[in-house]
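Participant: below: sequence and its predicted model.
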Amino acid sequence: MSESVVQDLRSLLGEDAVLTEPEDLVRYEEGWRYGKGKALLVARPGTTTQVATTLATCAAAGVRVIPQGANTGLVGASTPDGTGRMVVLSLERLNRRLEIDPVNRTVKVDGGVLLSALNEALLPHGLMFPIDLGADPSMGGMIATNTGGTRLLKYGDVRHNLLGIEVVLADGTVIDGLNQLRKNNTGLDVKQLFVGTSGVFGVITGAILQVVPVPGQQATALVGCASGESALLLLRALERDLADVFTAFEVISAEALAPVFSHHSSVRNPYGAARPPAYTALVELASTLPQAALDLPGLLEERLGAILETEAGEGITDVFMGRAEDLWAIRHHVSESLRQEGRVLAFDISVPRSRMAEFTQAARTLLQAEYPFVRCCDFGHWGDGGTHLNLVWNEADALRPAAELVPELQARIYDLAVKAFEGSYSAEHGVGPHNQKFYEAYTPAAIRAISGAVKQHLDPKALLATTRLD
């Protein structure tokens, strides 16, 4: 059967579109951080029709398929299992369609178009896709995981910027929902069934995206905060005074900040020899107005000065204005720097913004009491209630091996976030095999039943993906 599927797909897609040699499969079998399996083959269709014929062929043979975009996910949802019987359906060649409508401020894209390629094409029109993150994912992957990024505070996540979608179901059926309308209240919004569900219900082959004007100017500052509560007071004050131009509010703990300056001498430390405060907030304003109409750096400096004279300013220890690229460099080097500090267990958690400081302190208290060798190095998108709670330890100092500690720490931290703080164990990375058991533990039975019914209707033989949402 395997050989028959290989021959059928090669006749449909072309010889070079079907990979079977072990050395060719390696890069499709292992994820960016998590997920490693073994593929039967890799199919690389170049059109939606070819995706449909690939899925129909696999369905007829009873072969399971794992959709894969740029393979930059962090929950193992884009790699095959270990059986060697799954087809990896790579969308890397599905990247020809990129049609910009500058008047409607939309773009029609293939699912394999990369974020970098999209923004490069949009730039001459003075437009951009406003989801900003460190990786370079595909559009289909971004929709399948509902990517958020650092500027969700201003622009929302992918779901908020998606107008239409094209999807191929497990049996090869194509759903053409490439709707360019912002207003279309005519029943079920089908596209939302596929957003954030990791390819479980269908393969996203195309989309209509809303895009936004590129800001003409930005203003950035680092603001030292004596506590997490101080950072939240600052956030509230900035939203009150500057909501129209407030685009990002990232927060970095002192424990996450120090390694950046230790391991990257090219990144300037604004605190110099002084110890950073408990938290540092990276504040960004952006506007399409020219500086002659609105002096954004002056406005930010003036407002921060005014906040210093209020209750919210009592916990502010430092204010550093600076170039956007210099200050964002600090934020973007955090994850890489922590990996040089020892074993890292990374969490992608969200809680209500009002409880972020309380949650982080509760996590620290738990660690200090029961895992004193573990450092809490947290940072992230406090403006939208997300935090990357990174736990770091030297394995030589640990009382038990990582194989025991990791699942135990995961269970303790996730229980704290979900049960005690009404939060989520996956703010934006998705479910995937990495989070499968937590989905099963925390998702209400009624929601799982609905999801299972949808899966049964769209993919009755359960041929798509390794994630289970039933």
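Facilitator: Alright, I've got the coordinates. Numbering: from 1, shown residues only.

Participant: just the helices in the stretch 1-150 of the chain please.
Facilitator: Using DSSP state H, counting those that start in this stretch, the helices of the stretch 1-150 of the chain run over residues 2-13, 22-29, 48-61, 115-122, 139-145.

Participant: winner for burial among those helices?
Facilitator: helix 139-145 (a mean of 30; mean count of other Cβ atoms under 10 Å). From N, CA and C alone the C-beta is placed, and that goes for glycine too.

Participant: can you count the residues close to N185?
Facilitator: 6 (other Cβ atoms under 10 Å).

Participant: quick one: which of the helices of the stretch 1-150 of the chain is nearest A357?
Facilitator: helix 139-145 (27.5 Å; Cβ to Cβ).

Participant: next structured bit after the closest one?
Facilitator: Per DSSP states H and E, the first helix or strand lying C-terminal to helix 139-145 is helix 152-155.

Participant: which of the helices of the stretch 1-150 of the chain sits closest to V109?
Facilitator: Short answer: helix 139-145, nearest of the helices of the stretch 1-150 of the chain by Cβ to Cβ, at 5.0 Å.

Participant: tell me how far the closest one is from the chain's mean position?
Facilitator: 9 Å (Cα atoms, centre = their mean, to the nearest Å).

Participant: and for stretch 10-19?
Facilitator: On Cα atoms, centre = their mean, the centre of stretch 10-19 falls 32 Å from the chain's centre.

Participant: again with stretch 151-160
Facilitator: Mean-position distance between stretch 151-160 and its chain equals 11 Å (Cα atoms, centre = their mean).

Participant: just the endpoints, please. Distance across it?
Facilitator: Stretch 151-160 has an end-to-end distance of 12 Å (criterion: Cα to Cα, to the nearest Å).

Participant: now A312: phi and psi?
Facilitator: Main-chain torsions, A312, degrees, to the nearest 10: phi -60, psi -20.

Participant: pLDDT score for M1?
Facilitator: The model reports M1 with a pLDDT of 62.

Participant: chain neighbours aside, what residue packs nearest to A231?
Facilitator: C225 (4.3 Å; Cβ to Cβ, 6 or more residues apart in numbering).

Participant: a markdown table for the helices of the stretch 1-150 of the chain, including distance to N185?
Facilitator: As requested, the helices of the stretch 1-150 of the chain are exported to a markdown table (distance: least, Cβ to Cβ, whole Å):
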| stretch | distance to N185 |
| --- | --- |
| helix 2-13 | 39 |
| helix 22-29 | 41 |
| helix 48-61 | 27 |
| helix 115-122 | 28 |
| helix 139-145 | 21 |
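
Participant: pick out the shakiest of those, pLDDT-wise.
Facilitator: Of all the helices of the stretch 1-150 of the chain, helix 2-13 has the smallest average pLDDT, which comes to a mean of 93.

Participant: which residues touch H332?
Facilitator: Listed by Cβ atoms under 8 Å, 6 or more residues apart in numbering, the contact set of H332 reads G134.

Participant: can you give me phi and psi for S265?
Facilitator: The phi and psi values for S265, taken as degrees, to the nearest 10, are phi -70, psi -20.

Participant: give me the neighbour count for it.
Facilitator: Counted with other Cβ under 10 Å, residues neighbouring S265 total 8.

Participant: ok, the one 4 residues further on next?
Facilitator: By the measure other Cβ under 10 Å, the count of residues near N269 is 16.

Participant: who's in contact with it?
Facilitator: Counting by Cβ under 8 Å, 6+ apart, N269 makes contact with F261.

Participant: for the residue nearest to V75 when sequence neighbours are not counted, what are its contacts?
Facilitator: With Cβ to Cβ, 6+ apart as the criterion, V75 has its nearest non-adjacent residue at 3.0 Å, and that residue is G432. Applying Cβ under 8 Å, 6+ apart, we find G432 in contact with 34-35, 73, 75-78, 198, 466-467.

Participant: now those residues in CSV, with pLDDT, distance to A117 and neighbour count?
Facilitator: What follows is the contacts of G432, written out as CSV (pLDDT from 0 to 100; distance: Cβ to Cβ, whole Å; neighbours: other Cβ atoms under 10 Å):
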residue, pLDDT, distance to A117, neighbour count
Y34, 77, 26, 19
G35, 85, 24, 23
G73, 91, 19, 27
V75, 91, 24, 22
G76, 90, 25, 25
A77, 92, 22, 31
S78, 95, 19, 33
S198, 92, 23, 27
T466, 92, 27, 21
T467, 93, 27, 23
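
Participant: and of those residues, the nearest to D348?
Facilitator: Distance ranking of those against D348, using Cβ to Cβ, places V75 first at 8.6 Å.

Participant: how close does the residue nearest to V75 sit to L405?
Facilitator: Counting by Cβ to Cβ, to the nearest Å, the gap from G432 to L405 is 21 Å.

Participant: one more: L235?
Facilitator: Distance of L235 to L405, computed by Cβ to Cβ: 33 Å.

Participant: per-residue confidence for the residue most central in space within the chain?
Facilitator: Ranked by distance to the mean C-alpha position of the chain (Cα atoms, centre = their mean), the top residue is T147 at 4.2 Å. pLDDT, T147: 93.

Participant: touching, it and D157? I think so.
Facilitator: Yes - between T147 and D157 there is a contact under Cβ atoms under 8 Å: 6.5 Å.

Participant: now list whatever residues contact both of these two.
Facilitator: 131, 428.

Participant: okay, now the domains of this structure?
Facilitator: In the assignment given by automatic domain parsing, the structural domains of the chain cover 2-90, 98-213, 217-330, 342-430.
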